[in-house]
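*Asks:* Fold the following, please.
(one chain, ligands or ions: 1)
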Amino acid sequence: MAELRSIVTGGAGFIGSALVRHLVGKGEEVLTIDALTYAGNRTSLKAVEGKANHRFVQADIRDAAAMHAAIASFRPTRILHLAAESHVDRSITGAADFISTNVVGTFTLLEAARGYWQGLGAAEQQAFRFLHVSTDEVYGSLGAEGLFTEDTPYDPSSPYSASKAASDHLAKAWQRTYGLPVVVSNCSNNYGPYHFPEKLIPLTILNALQGRELPVYGAGQNVRDWLYVEDHARALDLIARQGRIGATYNVGGRNERRNVDVVRRICAELDAALPDLAGPRERLIRFVADRPGHDARYAIDATRLESELGWRAQEDFDSGIAKTVRWYLDNEWWWGPLRAAYDGARLGLVQAGAR
Ligand SMILES: NC(=O)c1ccc[n+]([C@@H]2O[C@H](COP(=O)([O-])OP(=O)(O)OC[C@H]3O[C@@H](n4cnc5c(N)ncnc54)[C@H](O)[C@@H]3O)[C@@H](O)[C@H]2O)c1
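*Replies:* This next block holds a predicted model:
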């Protein structure tokens, strides 16, 4: 097989860094492109720093000249596009960056990829892939029953999911219109090491560790389908290698949990690993005002990925959350500085009368 040369956009983020560690660990040539927003950290790439098969470029996907230059000089055989604004609460407080990065940025990158791809020879053109990485949130919300399939109509609820939906449509259109070999993946909620402390699981672990309140939105009944981030990284590598051009692959671990149960599980893990003399950490749970437009339930049917490409999640929620809690206990060097710089203020509430 010809050498794989992968560009990973957003490679200093949570999922991107897991993917970069995975690919570099396999000996592939990787170029990480990342603007290093508040969500991007070079420390998440410490494990690959200094490796001869990894390079890093700090650049913004909205910068057409920078994208053209990076692609032309690295000459990738595939682009795995993860760079995005990714936090729903932030998108409610201020949607502009989400439209700009997720929609315009994806457009800019697609155009740069198309220009490069059109200049390749026939065999290289055929082998090239552009993997557009997206979320199950584009499908909207489920009731108590049913699963999202690749044919579920798009029905996004938040500025974040609407901007991701728009970018998915652009990626698919670039395949149909220009023939760019695009594959799309839509994944459920991820968790694991190097997750920025504003998201539910790392926020809960760190607040619980420090004896602070554990905010749970609404009554905590919203259901998410949790996937360990390293399982997602393996899925992305596989989809980019073997996925059908023009197809979408849903990625999910078949691990549905109510938010309140996730928080309780983390409390129990921490209590077992490091008992709190003041009592079980569940006492710190506080139910707070719900997120506007909060989707009730997400759940993924990953049959296509499992049956066509043979992927299976290796972690279930219990094994994955135990690993994750252990990782945060052992890696304060990573989260300590982020936690000190990030004030944890509640975002994403719409003021009364504003809706
Ligand atoms: N986190 C999840 O549960 C989840 C689930 C499914 C899909 N996704 C998708 O996976 C991708 C990665 O998500 P994540 O959780 O790792 O996000 P993240 O916020 O942790 O990381 C995003 C990265 O993109 C970079 N970035 C942001 N704007 C940029 C720009 N304009 N130019 C270049 N780089 C920029 C950031 O610096 C950061 O390193 C996103 O596209 C997201 O929509 C996430």
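
*Asks:* Tell me the confidence at the residue lying closest to residue 83 once chain neighbours are set aside?
*Replies:* Closest residue in space to residue 83, ignoring its immediate chain neighbours: residue 10 at 3.4 Å, by CB to CB, 6 or more residues apart in numbering. (Each C-beta comes from the backbone N, C-alpha and C, glycine too.) For residue 10, the model assigns a pLDDT of 98.

*Asks:* So residue 10 sits against residue 16, correct?
*Replies:* Yes: using CB atoms under 8 Å, residue 10 is in contact with residue 16, at 4.0 Å.

*Asks:* My guess is residue 58 contacts residue 37. True?
*Replies:* No: at 10.7 Å, residue 58 does not count as touching residue 37 under the criterion of CB under 8 Å.

*Asks:* For these two, indicate the residue with more neighbours.
*Replies:* residue 37 (17 against 13; other CB atoms under 10 Å).

*Asks:* ok, which stretches of the stretch 51-200 of the chain are helices?
*Replies:* 64-74, 88-93, 96-98, 106-118, 122-127, 159-178, 200-209 (DSSP state H, counting those that start in this stretch).

*Asks:* what's the closest of those helices to the ligand?
*Replies:* helix 159-178 (5.3 Å; CB to the nearest ligand atom).

*Asks:* circling back to that earlier point, could you tell me which residues touch both of residue 58 and residue 37?
*Replies:* Listed contacts common to residue 58 and residue 37 are nil; contacts here mean CB atoms under 8 Å, 6 or more residues apart in numbering.

*Asks:* Please identify every residue contacting each of residue 10 and residue 16.
*Replies:* Joint contacts of residue 10 and residue 16 (CB under 8 Å, 6+ apart) are 34, 82, 83.

*Asks:* List the contacts of the residue nearest to residue 59 when sequence neighbours are not counted.
*Replies:* Distance criterion CB to CB, 6+ apart; nearest residue to residue 59, sequence neighbours excluded, is residue 66 at 4.1 Å. Listed by CB under 8 Å, 6+ apart, the contact set of residue 66 reads 57, 59, 60.

*Asks:* wait, the last one sits on residue 105?
*Replies:* Yes: under the criterion of CB under 8 Å, residue 60 lies in contact with residue 105, with a separation of 7.4 Å.

*Asks:* The two: who's more crowded?
*Replies:* residue 105 (27 against 18).

*Asks:* what about the nearest residue to that one once chain neighbours are set aside, how many residues close to it?
*Replies:* Leaving out its chain neighbours, the residue that sits closest to residue 105 by CB to CB, 6+ apart is residue 61, at 3.9 Å. Here the number of neighbours of residue 61 (other CB under 10 Å) works out to 26.

*Asks:* Next up, the contacts around residue 61.
*Replies:* Counting by CB under 8 Å, 6+ apart, residue 61 has contacts 9, 33, 35, 67, 81, 83, 101, 105, 106, 108, 109.

*Asks:* ok, the fifth one to residue 196 distance?
*Replies:* Remark: distance between residue 81 and residue 196 (CB to CB, to the nearest Å) = 19 Å.

*Asks:* between the two, which one's more packed in?
*Replies:* Between residue 81 and residue 196, counted using other CB under 10 Å, residue 81 has the larger neighbour count: 26 against 20.

*Asks:* Run a quick check on that one versus residue 109, I expect a contact.
*Replies:* Yes: using CB under 8 Å, residue 81 is in contact with residue 109, at 6.0 Å.

*Asks:* any common contacting residues for those two?
*Replies:* 9, 61.
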